[in-house]
Structure formats: structure tokens, C-alpha cells
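Trainee: Got a predicted structure plus its sequence, pasted below:
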Amino acid sequence: MLVHHRFNFIALLLTLCVFVLGISAASAETLSPYEQKFVTPTKRGVFHKDRNVWVYTSSFAKRFGMPTQWIDDSLTGAEAIAYRTKFTDGLSCGFSGNPDSCINSYQCAFDIYLTDEDSANLPWKNDQQQGFAQREIYRSARFMTLSKQDDRRYNKVRKRWGVDTSVGGLQSIVYVFGEPIKKSLVTGSGTMRAIEFDRETLPGLDYLQLTSCLIINETDRVGFWFSTPKNWSITKTGKALHKVSVPDSFMHRAKASYEQRGKPQSLSTKVLKRPKAPTVTPLNTDDDIDLYGDTWNE
């Protein structure tokens, strides 16, 4: 009788194990490649956490294995946008009148992915195909899974190409926001700077990085308008070469991410805690890492 009960107990344990494993396998199958790698990795070990705030079209999500939660087909003029606060090796000091109250310098970066057709409308300065202000390992492309064979093959070819760091870039980018007021089509506007671009980062897909921290507080009807230089009447006429309409929900999430960038700290306090003079290490230290060789996931 004891042997019989023991056998039943072991059989029950085995059944439970199979059931749990089945649930785990089913759960893994429902996760996107992005979630399996960067949210709840199926393999144990250290993994890279994505700091980007995303919005993209359904076709972009399907192509690059992105989760459905950030799909918003009200995004027009671009296939995807990724926002992140980029910290640099500089220091900004003087907060609250204290010269020792400092914070790491940062940029507000918007990575934009466009089709070849949309990119062709942009006011490029010349025919330069690539331009990078700095080598950055954690750009948003790192978190896109290359599932298509053509994408993987093209990426391997690109690894052999040189990178031109003298950014040619674009001539004029204006951000706009808000409802029309008086004679203007928008409430307000400002300028953005293009610091990186790749006019064929993957087949049919171009990449552009814009920076501006002033725009981050605007969450209503935000758009990126591309125009020729000194087109001061663009907010009145709306005559831009290309427009990207940004969903409000994305700008709200980007603003929340920006507000978590960190608070100023006193350098004198750090000196008391450390025997040596304080040093600031940039978050992205990738001097010895190949730009394309460690960017994409396959």
C-alpha cells in the first residue's frame, strides 16, 4: 500500500512538472522576439535593458519582432520613432546657485526610421550616405530583431563599410505642437538638430537621429517638419517637404522617461565619500566596439 501511494505521488509530481513546462513553453511562444531578449529573457544571464521609448507602425513591429503594445498606426511620415535620454561625459553644474551641484550632461535623442520614399523628400545637404557624430552602442537599432534573410544579409555587408563621421545631414528641421492660433497653423515651434543619419540602414529603411530637449515638454499634436533653410513662414503655410505626425501618447511616455533622467548631485559630497577626485563615466563607453558589428540582433 505504501509503495502504491508513493507511486501515485511521483506520478502526480511528474504531471505537474509537465503542466508547468507546457505553460512556460506556451507563454514563451506568445512573447515577441523583443520581449524574449530584453524583457523576460528565456535564457539566464546578463542582458541589455532597452532604455528607448518606442512607437511604430504595425508593419515595422512585424518586420523587427517588436511587441504589439507600442504599435500606433496614427504615426505618419515615419515607420518608427524611439526616444531616449543620452548621457555624455560632460558635466552641467550650478543648480540652485551651487557651483558644486552637478548632473551628467545629456541629449534628448529621437531615432526616426523612414522608408526610402519618405527619406527622398528630406532636404539633404548632399549625396552623403552616412554620418555619425559619435559611436553609440545602445542606439535603438540594437533592439530590433533581424528576422528577414535579406535584412541579415544586408547587415553583414554593411559591417564592412566605413563610417563617415563628418555629418552632412539635413538643412532644416522644425518641431511644431499644439492647436492653430491666430495666423499660425500651430501653437508653437522650435528647431531640431540632426546628428546622425544612414540613408540605407536596411533595405528600404533609412535612419535619422534628431535632438532637442525643448520639445520634450510638448505632448499635444507634435510634428517634425522638414523644410529648406530660412523658411520662416512654414508654421503659417504648412509647406514642408516632409512631415512626421507624432502620436500624443508617445510624447507623454517620452516626457515621463525624460523626467526620470536623474537629479543633480553635489561634487563635494562625492569627494567626502571617495579618497580620489570624482570622475564621471559616460553610460555609453563603446570606443572599441564596431558600430555595425554589435548593433543589430539576428
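Mentor: Noted; the coordinates are in hand.
Trainee: got the contact list for residue 198?
Mentor: By Cβ atoms under 8 Å, 6 or more residues apart in numbering, the contact set of residue 198 is 129-131, 206-208. Where you see a C-beta, it was placed from the backbone N, CA and C, and this is true even at glycine.
Trainee: Among these, which lie within helices?
Mentor: Counting by DSSP state H, the contacts of residue 198 place none of their members in helices.
Trainee: Compare those residues and tell me which is most surrounded.
Mentor: If you count neighbours using other Cβ atoms under 10 Å, the busiest of these is residue 208, which has 26 neighbours.
Trainee: Quick check: beta-bridge partners of that one?
Mentor: Counting by DSSP bridges, residue 208 is bridged to residue 112, residue 197.
Trainee: ok, it touching residue 194?
Mentor: Yes: when contacts are counted by Cβ atoms under 8 Å, residue 208 is listed as touching residue 194 (6.2 Å).
Trainee: Residues in contact with both of those two, list them for me.
Mentor: What both residue 208 and residue 194 touch, as defined by Cβ under 8 Å, 6+ apart, is the set residue 170.
Trainee: follow-up on the earlier one: out of the contacts of residue 198, which one sits closest to residue 65?
Mentor: Comparing the contacts of residue 198 against residue 65 with Cβ to Cβ places residue 207 closest, at 17.6 Å.
Trainee: Pull up the gap between that closest one and residue 192, please.
Mentor: Separation of residue 207 from residue 192 (Cβ to Cβ, to the nearest Å): 15 Å.
Trainee: and what of residue 102?
Mentor: 26 Å.
Trainee: try residue 91
Mentor: Note on residue 91: its distance to residue 192, by Cβ to Cβ, is 24 Å.
Trainee: Who has more neighbours out of those two?
Mentor: Neighbours were counted for residue 91 and for residue 192 using other Cβ under 10 Å; residue 192 has more, 20 against 13.
Trainee: and the helix or strand harbouring that one, which residues are buried?
Mentor: Per DSSP states H and E, residue 192 falls inside strand 188-202. Neighbour counts over strand 188-202 (16 or more other Cβ atoms under 10 Å) mark 189, 192, 194-199, 201-202 as buried.
Trainee: What mean pLDDT does that strand get?
Mentor: Average pLDDT, strand 188-202: 87.
Trainee: What ranges does this protein have for its helices?
Mentor: Residue ranges of the helices in the chain, as given by DSSP H, are 2-30, 33-38, 58-64, 116-119, 149-158, 234-237, 248-258, 267-273.
Trainee: quick one: contacts of the third one?
Mentor: Contacts of helix 58-64 with the rest of the structure, by Cβ under 8 Å, 6+ apart, involve 32, 34, 66-68, 70-71, 73, 79-80, 113, 144-148, 151.
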